[in-house]
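[1] Everything below, folded, please.
(2 chains)
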Protein chains: 2
Amino acid sequence: MALAKLDGMELPAAADMHVHLRDGAMMDLVTPTIRRGGVNTVYVMPNLVPPITTVQHALDYQKRLQALEPNVTFLMSLYLHPSISQATVIEAKKAGITGIKSYPAGVTTHSDDGVLSYEQFYPVFEEMERQNMVLNLHGELPPSAGEDITVLNAEEAFLPTLKDLHRRFPKLRIILEHCTSAAAIEAVKSCGPTVAATITAHHPFLIVDDWAGDPHCFCKPVAKLPSDRRALLKTIVSRNPKFFFGTDSAPHPAATKRADRFAAGVFTQPHAVGYVIDALEEGVEMGVLSAEDVTREVLEGFLSGFGREFYGVGGGDGEERIVLSKPTEAVENLLRSEDGAVEVVPFRRGRMTWQARWK
Amino acid sequence: MALAKLDGMELPAAADMHVHLRDGAMMDLVTPTIRRGGVNTVYVMPNLVPPITTVQHALDYQKRLQALEPNVTFLMSLYLHPSISQATVIEAKKAGITGIKSYPAGVTTHSDDGVLSYEQFYPVFEEMERQNMVLNLHGELPPSAGEDITVLNAEEAFLPTLKDLHRRFPKLRIILEHCTSAAAIEAVKSCGPTVAATITAHHPFLIVDDWAGDPHCFCKPVAKLPSDRRALLKTIVSRNPKFFFGTDSAPHPAATKRADRFAAGVFTQPHAVGYVIDALEEGVEMGVLSAEDVTREVLEGFLSGFGREFYGVGGGDGEERIVLSKPTEAVENLLRSEDGAVEVVPFRRGRMTWQARWK
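    Down below sits the predicted model:
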């Protein structure tokens, strides 16, 4: 156990700045697992069916989530859509909604209503800049963007768009969500302090070979090359506040993973913090990191402080605390609702994982 | 329909120089579909469980196949394994066995007994050269070959091994099986006339995006980039006798495709010739090929003549003939054994396909 030194370490509660909590029975199943993962603040994705494009829908959804788990702060978002106007942005800000998420059309789960061109949204972005709201980007070009665009280069091919948006709206806070490639990391570094990126719980474990044959390791953006994985691991320990935690936990019914056409998404919510420690430990065992790289300051910043600071939300240091506990339990093979109607397979089922216990 | 001109075209029966026919109930189900695909000659892979490493096992297997389908020529192979000696090669040649297939350990279905290092087999290769037997290479380096080897570059990383074997055994007939990349095509072209390659029925349709989310498009080697797909299509119509047809049809029980860990292999046997025409038609519709590229000579060579010539077997022109028929039927959704115990999902289920009817 390369990171035994972390056993018993106390940390601020984690903030998971990218979660999919779904709705209905799936929401009922996964929302109570947020705190099990060591997390007390989440940024909630708006890709429900239909997507959340109105303030009222977002507030109703937040109320349902809050009823299920009163001890989590749910930061809410809207889904970037032609129906969203400058007035919507102003109304959203007043109602306490934090940001707007942009999905390029057709790249991932429930992105059918997504963006075809950003230009039509420039007035919305201007208003977001004025209102100090966050723009969350699913940073991939869709296949329609060119005959050589694939799941492997779609993120890198999106980076000029990221840079262009940053140039046009330099004060707009932008997050390149779930970044997966060394190229994306470099692009985010090269931008000003208003541009940040989230790193998931699963990409630091994965390369293309892992999802070749395993639907539970398949997500969008896909995991890429070993060099990209190494870049993610090194970035986590770099203490660069531009990079913080967002699991992109994306539950799908187990049956949609064992299918002729299987869903994109990796479910990590119940072990959010544990997986990060597991991944860093694997990084040390592989020789990509040294045990010395993984410090309290690294974990405090990546798991909690950097994200809270970028979003301007509290709930971190000085408030709720978690304690890391070395692996004594394996990840469950399945999460199942009480009536058995909903089943979800978690990432790394059956494997030992670090725990985050509440102090 | 970009290739309507092919409707009614008469061709020599196809030779499918790379098939997996399995054993037992699966063999019973798929072997009778060979002729439906317009094929009367097949080169049979030896990766049964346990693998075929003895002449007797190969002959027994051939007898079972021949009993199921008397109107197909089954060319047999052994599985390269430490138990195979120069004496085995001599015995195999005498018994009418055509070649020996090498699987690098751990890269695909039933490759656990595969090759870790080629050096130990040099005496076997020398004897194969003397006996004029064919060496069939699954041309991928295993992940253990280096931390940056992935399913995407494993074939390209193998090409120096191919060239080295060709340099050491210049008269040994070598086939780089199921080549998937522009780099592999160039490497095969750069070798002498004793080195050839097969191209499958499915890779000319596929890129990485197709198997991201679809277990029925997942095989090893994996489909790669759009540029690789274009190179395959162009190579098929290039009339280069180094490149000929081998479907790599690989049936797996449907349940092993809809699974937490799904099997590698695409099942194409019943529509072998039809798929090739479909793929070329897509190539024309995409603008990669022109309709003029797809001639009778192209199809005769790729589907039948080049493979038969390389293997030195007859059964082509002047003997059995097939007639191409434009798509009027869709690929079946499922192949099922009469007792329902075995089910296989064919490639491009539910989509229209060209037919090869027997004259």
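[2] A:Ala341 touches A:Gly24, doesn't it?
    No - counting by CB atoms under 8 Å, A:Ala341 does not reach A:Gly24; the two are 10.0 Å apart. Using the backbone N, CA and C atoms, a C-beta is placed for each residue, glycine as well.
[3] strand partners of the lengthiest strand in chain A, parallel vs antiparallel please.
    What stands out as the longest strand in chain A, according to DSSP state E, is strand A:321-330. Sheet pairing for strand A:321-330, assigned by DSSP bridges, gives strand A:10-12 (antiparallel), strand A:352-358 (antiparallel).
[4] Report the buried residues of the strand or helix carrying A:Gln56.
    Per DSSP states H and E, A:Gln56 falls inside helix A:55-68. By neighbour count with 16 or more other CB atoms under 10 Å in any protein chain shown, helix A:55-68 contains the buried residues A:55, A:57-58, A:61-62, A:65, A:68.
[5] do the same with stretch A:241-261
    Here stretch A:241-261 shows A:242-254, A:257-259 as buried, counting by 16+ other CB under 10 Å.
[6] ditto for stretch A:281-296
    A:281-284, A:288-289, A:291, A:293-294.
[7] Filter those down to the ones in helices?
    A:281-284 (DSSP state H).
[8] quick revisit: let's test this: mean pLDDT of the next helix or strand after the helix holding A:Gln56, rounded?
    Per DSSP H and E, the first helix or strand lying C-terminal to helix A:55-68 is strand A:73-75. Mean pLDDT, computed over strand A:73-75, is 97.
[9] Identify the neighbouring strands of strand A:73-75 in the sheet and state each direction.
    When DSSP bridges is applied, strand A:73-75 pairs with strand A:39-44 (parallel).
[10] contacts for the partner strand?
    Contacts to strand A:39-44, defined as CB atoms under 8 Å, 6 or more residues apart in numbering or on different chains, come from residues A:13-19, A:21, A:34, A:61-62, A:65, A:71-77, A:98-99, A:136, A:246, A:272-273, A:308, A:311, A:313, A:315, A:320.
[11] next one: stretch A:285-304
    Contact with stretch A:285-304 is made by A:2-3, A:5-6, A:9, A:11-15, A:38, A:199, A:230, A:233-234, A:236-237, A:239, A:241, A:243-245, A:273, A:276-277, A:280, A:283-284, A:316-317, B:147, as judged by CB under 8 Å, 6+ apart.
[12] So for stretch A:186-197, mean pLDDT?
    98.
[13] Using CSV, write out the CA atom coordinates for that stretch.
    What follows is stretch A:186-197, C-alpha atoms only, in CSV (Å, rounded to 0.1, in the frame of the first residue of the first chain):
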residue,chain,number,x,y,z
GLU,A,186,-2.0,22.4,-21.5
ALA,A,187,-4.7,24.5,-23.1
VAL,A,188,-6.3,25.2,-19.7
LYS,A,189,-3.0,26.2,-18.3
SER,A,190,-2.4,28.6,-21.1
CYS,A,191,-5.6,30.5,-20.5
GLY,A,192,-6.1,33.1,-17.8
PRO,A,193,-7.4,32.5,-14.3
THR,A,194,-11.0,32.5,-15.3
VAL,A,195,-10.6,29.2,-17.1
ALA,A,196,-10.4,26.0,-15.1
ALA,A,197,-11.0,22.3,-15.6
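[14] Check the offset of it from the chain's centre.
    Put simply, stretch A:186-197 sits 17 Å off its chain's centre (CA atoms, centre = their mean, to the nearest Å).
[15] and of the buried residues of stretch A:281-296, the nearest to B:Arg173?
    For the buried residues of stretch A:281-296, the minimum distance to B:Arg173 (CB to CB) is 43.3 Å, reached by A:Val288.
[16] How much space separates that closest one from B:Gly314?
    57 Å (CB to CB, to the nearest Å).
[17] Same list, the strands paired with strand A:321-330, but as TSV with mean pLDDT and mean neighbour count please.
    Formatted as TSV, the strands paired with strand A:321-330 follow (pLDDT from 0 to 100; neighbours: other CB atoms under 10 Å in any protein chain shown):
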stretch	mean pLDDT	mean neighbour count
strand A:10-12	96	18
strand A:352-358	98	18
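[18] show me where pLDDT drops low in the stretch 251-359 of chain A?
    Low-confidence segments of the stretch 251-359 of chain A (pLDDT under 70): A:315-318.
[19] if we can go back for a sec, following the longest strand of chain A, which helix or strand shows up next?
    That would be, after strand A:321-330 and using DSSP H and E, strand A:335-336.
[20] So what touches that next one?
    In contact with strand A:335-336 (CB under 8 Å, 6+ apart) are residues A:29-30, A:33, A:251, A:267, A:270, A:342-346.
[21] at 7 Å what do you get?
    Residues outside strand A:335-336 that contact it (CB atoms under 7 Å, 6 or more residues apart in numbering or on different chains): A:29, A:343-344, A:346.
[22] Considering the residues you listed, which possesses the most neighbours?
    Within the contacts of strand A:335-336, A:Val344 tops the neighbour count with 27 neighbours, counted by other CB atoms under 10 Å in any protein chain shown.
[23] mind listing what that residue touches?
    A:29-30, A:251-254, A:267, A:335.
[24] Restricted to strands, list the residues you listed.
    A:Leu335.
[25] what residues does the stretch 51-200 of chain A put near chain B?
    Applying CB under 7 Å from any CB of the partner chain, we find that the stretch 51-200 of chain A lies next to chain B at A:143, A:147-148, A:150-152.
[26] and the residues you listed, which are buried?
    So, of these, A:143, A:150-152 end up buried under the neighbour-count rule (16+ other CB under 10 Å).
[27] Farthest pair within the residues you listed?
    For these, the farthest-apart pair by CB to CB is A:Pro143 and A:Leu152; their separation is 11.6 Å.
[28] Which residue ranges of chain A form strands?
    A:10-12, A:14-19, A:39-44, A:73-75, A:77-79, A:99-102, A:134-137, A:173-176, A:195-199, A:243-245, A:321-330, A:335-336, A:343-344, A:352-358.
[29] now the angle from the third one to helix A:55-68?
    What separates the directions of strand A:39-44 and helix A:55-68 is an angle of 160 degrees, with axes from the mean of the first three to the mean of the last three CA atoms, to 10 degrees.
[30] hey, C-alpha coordinates of strand A:39-44 in PDB?
    Only the C-alpha atoms of strand A:39-44 are listed here, as PDB (Å, rounded to 0.1, in the frame of the first residue of the first chain):
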ATOM      1  CA  VAL A  39     -18.700  14.900  -0.500                       C
ATOM      2  CA  ASN A  40     -21.000  17.600   0.900                       C
ATOM      3  CA  THR A  41     -21.200  20.000  -2.000                       C
ATOM      4  CA  VAL A  42     -22.100  19.000  -5.600                       C
ATOM      5  CA  TYR A  43     -22.500  20.800  -8.900                       C
ATOM      6  CA  VAL A  44     -25.500  19.200 -10.500                       C
END
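[31] tell me which residues of that strand are tucked away?
    The neighbour-count check on strand A:39-44 (16+ other CB under 10 Å) flags A:39-44 as buried.
[32] Look up how far chain B lies from A:Leu176.
    Separation of A:Leu176 from chain B (CB to the nearest CB, to the nearest Å) stands at 21 Å.
[33] Now for that residue, how many residues are close by?
    By the measure other CB under 10 Å, the count of residues near A:Leu176 is 26.
[34] What residues does it make contact with?
    A:137, A:139, A:162, A:184, A:188, A:197 are the contacts of A:Leu176 under CB under 7 Å, 6+ apart.
[35] which residues touch the closest residue in space to it that isn't next to it in sequence?
    Take A:Leu176 and drop its neighbours on the chain: the residue closest to it by CB to CB, 6 or more residues apart in numbering or on different chains is A:Ala197, 4.3 Å away. Neighbour list for A:Ala197: A:175-176, A:179, A:184, A:188, A:242-243 [criterion: CB under 7 Å, 6+ apart].
[36] Now those in a markdown table, please, with extra columns for distance to A:His81.
    Listed next are the contacts of A:Ala197 as a markdown table, based on distance: CB to CB, whole Å:
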| residue | distance to A:His81 |
| --- | --- |
| A:Ile175 | 18 |
| A:Leu176 | 20 |
| A:Cys179 | 24 |
| A:Ala184 | 25 |
| A:Val188 | 25 |
| A:Lys242 | 27 |
| A:Phe243 | 28 |
